[in-house]
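>>> Provided below for reference: sequence and predicted model.
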Amino acid sequence: MLNIRYVTKEDASFWFQLDRHLSREEFYAKVRDQRGYLLLEDNILLGILRYNLFWDSIPFCTLIYIGQEYQSKGYGRDLMVYWEQDMKSKGYGMVMTSTQTDEMAQHFYRKLGYQEAGSLILDLPGYRQPMEMFFVKEISLAVSRR
């Protein structure tokens, strides 16, 4: 049975199997603020999603990761749709995400109805990376007042 739920502090070891970028301090902030989700099937961890608020007002998916053996089976779509519905229920009218141009995720986001909204080039020593593409999606016709 598929289950998507907010991450709890008891999930830390589970979480860090898939997320090697988040500090412990930030993990506990995600737990506190309910800004992280676990995707499980029959108590097997399949994926995770975490987000922040861009400009303190727009939900911004900072990471979605589905375990390699579970990719291309619809789980990523399920997790994104769940997150979008949760954000809509909280009164948000738009969501955002991003990916590097050398990653395949841009095609995934386009299939889900996300539109390109610009890019960022980091060319500073120690921070260089391929261009980051930003994507947006309207999830409600009403403009969020958050």
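Received, thanks.
>>> for the rest of this, base every contact and every neighbour count on C-alpha atoms.
OK.
>>> residues touching residue 123, list them.
residue 129 (C-alpha atoms under 8 Å, 6 or more residues apart in numbering).
>>> apply 7 Å and report the result again.
Taking C-alpha atoms under 7 Å, 6 or more residues apart in numbering as the definition of contact, residue 123 has no neighbours.
>>> nearest residue to residue 87 in space, please, no chain neighbours.
residue 59 (7.3 Å; C-alpha to C-alpha, 6 or more residues apart in numbering).
>>> show the backbone phi and psi for that neighbour.
Torsion angles at residue 59 (phi, psi; degrees, to the nearest 10) stand at phi -60, psi 130.
>>> report how many residues lie close to it.
23 (other C-alpha atoms under 10 Å).
>>> against residue 92, how distant is it?
Here residue 59 is placed at a distance of 8 Å from residue 92 (C-alpha to C-alpha, to the nearest Å).
>>> picking that back up, right, and the residue nearest to residue 87 touches residue 35 too?
No. In this structure residue 59 lies outside contact range of residue 35 using C-alpha atoms under 7 Å: 9.4 Å.
>>> which neighbours do these two share?
Counting by C-alpha under 7 Å, 6+ apart, the residues touching both residue 59 and residue 35 are 51-52.
>>> since that was my last question, I'll sign off now.
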